[in-house]
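1. here are the coordinates; sequence isn't available:
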């Protein structure tokens, strides 16, 4: 049986970003990494107003979000993690497209007004 080689451990900015996303997830849900943690952390980080994810709000995790933003923009990377896979860095351009698609799919659907 062939297995894909294990991803190398994260170091530098990717490791710091992983720790920040984990800390935001712990603030939100008291778990190490909840599904879509990277998306919700990015959403909180880029929110222009007050946003919430579980127990975390933009105000409650502001220092972590500021550090994540700085690291992401300096390194040109974000961190993503698929279920049962190790975390891996992703370039910001690819990440922004992936986030936009995720955000659109998670946006509340508006009901159309019907005319009678």
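-> In hand now; what should we look at? Keep in mind that what you see is a predicted model, and the values were worked out from it rather than measured. Residues are numbered from 1 along each chain as shown.
2. this protein: helices as residue ranges?
-> Counting by DSSP state H, the segments of the chain that form helices are 12-29, 37-46, 62-75, 92-105.
3. among the ones you listed, which comes closest to residue 81?
-> Counting by Cβ to Cβ, residue 81 lies closest to helix 37-46 out of the helices of the chain; the figure is 6.6 Å. C-beta coordinates here come from the backbone N, C-alpha and C atoms, glycine included.
4. tell me what angle the closest one forms with helix 62-75.
-> Comparing the axes of helix 37-46 and helix 62-75 via axes from the mean of the first three to the mean of the last three Cα atoms, to 10 degrees yields an angle of 100 degrees.
5. I'd like to know which elements helix 37-46 is packed against.
-> For helix 37-46, the elements it packs on are helix 12-29, strand 52-53, helix 62-75, strand 77-80, helix 92-105, judged by 3 or more Cβ pairs under 8 Å, 6 or more residues apart in numbering; DSSP states H and E.
6. with distance to residue 84 added, can I get the helices of the chain in a markdown table?
-> Written out in a markdown table, the entries for the helices of the chain read as follows (distance: least, Cβ to Cβ, whole Å):
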| stretch | distance to residue 84 |
| --- | --- |
| helix 12-29 | 16 |
| helix 37-46 | 15 |
| helix 62-75 | 24 |
| helix 92-105 | 19 |
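7. hmm, back to that, by mean pLDDT, show me the worst of the helices and strands packed on helix 37-46.
-> With a mean of 90, strand 52-53 has the lowest mean pLDDT of the helices and strands packed on helix 37-46.
8. direction included, what does that strand pair against?
-> In the sheet, strand 52-53 lines up against strand 56-57 (antiparallel) (DSSP bridges).
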